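Peer 1: Below is the structure, and that's it, no one-letter string:
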Ligand SMILES: NC(=O)C1=CN([C@@H]2O[C@H](COP(=O)(O)OP(=O)(O)OC[C@H]3O[C@@H](n4cnc5c(N)ncnc54)[C@H](OP(=O)(O)O)[C@@H]3O)[C@@H](O)[C@H]2O)C=CC1
Ligand SMILES: CC[C@](O)(C(C)=O)C(=O)O
Ligand SMILES: [Mg+2]
Ligand SMILES: [Mg+2]
């Protein structure tokens, strides 16, 4: 049974100075939620950072990552995973004196041995099971998102209590903070995003859309059927599990669920999921991703560019533009053209 924390002593984190390195999806949410919970926060950003103006506009103090790391008792690393090892060497390690705490929102660099902190510091992880923008929005609404907590090094004997206090300041204990290890967090997170949440879901949505459009149906209908309505269906699962979704949809849809699902997600699909998990566990997947970044991310940027103007994206932009109540947003244009 998982150990789940719903309470923590906020006083511990309020008594520390916290540096948030990075101000992207997670960084802005952590910095703002901590600040609103009465914690002393500074943001560390590299020279020329596009995020700097946003952080300053929110009233946050922004310095270089090295200055923030030198100032802080707790250093939370919220920059992209594959750049963290270099940032650690340049800006964090020189200031990681005994008694400080190094924190992550994902265990990648510790799990795969890219960062090896010195003895004498605490190393922990608070990993929201949520995109950063929701971590902020749900906190502002008075709720919280679930999260995982893990300790890699406990020099002070207080590493878990401090990480839980940090999580509470983010609102995460309102939903539950599950104790885990860096390995379990890293491997399950990489598996979930690759096989189900991002890889699996977007491939399913695109294949459904393409099947309908190639058969001559209108792209607008295919968009609503395969992308827009998926959110509404997942919302039912989110609130009441698969059973409530099946209760809310028609019996005809439920019959389609039982007859269609197993034809698409077959034993072969599950065998591929197991292979994906094995590659994550033995480090092949992490090595490939680190190498892709080291060699300039050409393949990655080409995938991003190709999907940016996929027909489902073109028709989606037009339809969302007619529904301002959805609060439509545009992702930045890809760095390269398709
Ligand atoms: N995205 C999510 O919701 C989740 C992310 N995580 C983890 O959180 C961490 C951060 O990911 P995410 O929030 O997606 O990252 P983003 O890509 O959204 O943001 C990265 C931020 O880091 C800044 N940055 C880049 N390089 C440097 C540097 N050298 N020094 C200082 N700042 C830098 C960027 O600035 P600029 O853009 O101005 O260059 C940007 O503000 C990762 O470990 C990730 O695995 C965990 C759970 C969910
Ligand atoms: C599902 C993707 C994620 O793991 C997350 C939002 O939890 C990420 O790395 O962004
Ligand atoms: Mg995740
Ligand atoms: Mg992830």
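Peer 2: Structure's in. What do you need? Note that the structure is predicted; figures quoted are calculated from it, not measured. Ligands and ions are numbered 1, 2, ... in the order given.
Peer 1: ok now the strand or helix carrying residue 260, how far from the chain's centre?
Peer 2: For residue 260, the host element (DSSP states H and E) is helix 251-264. Chain-centre distance of helix 251-264: 30 Å, with Cα atoms, centre = their mean, to the nearest Å.
Peer 1: List the buried residues in that helix.
Peer 2: Residues of helix 251-264 classed as buried: none (neighbour count, 16 or more other Cβ atoms under 10 Å). For every residue, glycine as well, the C-beta is placed using N, CA and C.
Peer 1: Adjust the sequence numbering to begin at 407 for everything that follows.
Peer 2: Happy to do that; since the first residue is 407 now, the last one works out to helix 657-670.
Peer 1: what's the helix or strand just after that helix packed up against?
Peer 2: Where DSSP H and E defines the elements, the next helix or strand beyond helix 657-670 is helix 673-687. Packed against helix 673-687 by the contact rule (3 or more Cβ pairs under 8 Å, 6 or more residues apart in numbering; DSSP states H and E) you find helix 588-597, helix 690-700.
Peer 1: So helix 673-687, near ligand 2 or not?
Peer 2: No - Helix 673-687 does not reach ligand 2 (Cβ under 6 Å from any ligand atom); its nearest approach is 12.4 Å.
Peer 1: quick check: angle from that helix to helix 690-700?
Peer 2: With axes from the mean of the first three to the mean of the last three Cα atoms, to 10 degrees applied, the angle from helix 673-687 to helix 690-700 works out at 70 degrees.
Peer 1: Write out the residues of the stretch 457-606 of the chain neighbouring ligand 1.
Peer 2: So the stretch 457-606 of the chain meets ligand 1 at 457, 471, 484-487, 489, 493, 511-512, 533-534, 537-538 (Cβ under 6 Å from any ligand atom).
Peer 1: near ligand 4, from those?
Peer 2: Contacts with ligand 4 within these, as defined by Cβ under 5 Å from the ion: none are present.
Peer 1: Out of the residues you listed, flag the one nearest to ligand 2.
Peer 2: Relative to ligand 2, the closest of these is residue 537; by Cβ to the nearest ligand atom it sits at 4.2 Å.
Peer 1: okay, now the closest residue to the closest one other than its chain neighbours: neighbour count?
Peer 2: Spatially, and ignoring its direct neighbours in sequence, residue 537 is nearest to residue 431 (6.0 Å; Cβ to Cβ, 6 or more residues apart in numbering). Using other Cβ atoms under 10 Å, residue 431 has 17 other residues around it.
Peer 1: quick one: pLDDT of the nearest residue to residue 433 once chain neighbours are set aside?
Peer 2: Spatial nearest neighbour of residue 433, chain neighbours left out: residue 484 (4.0 Å); criterion: Cβ to Cβ, 6+ apart. Looking at residue 484, its pLDDT reads 98.
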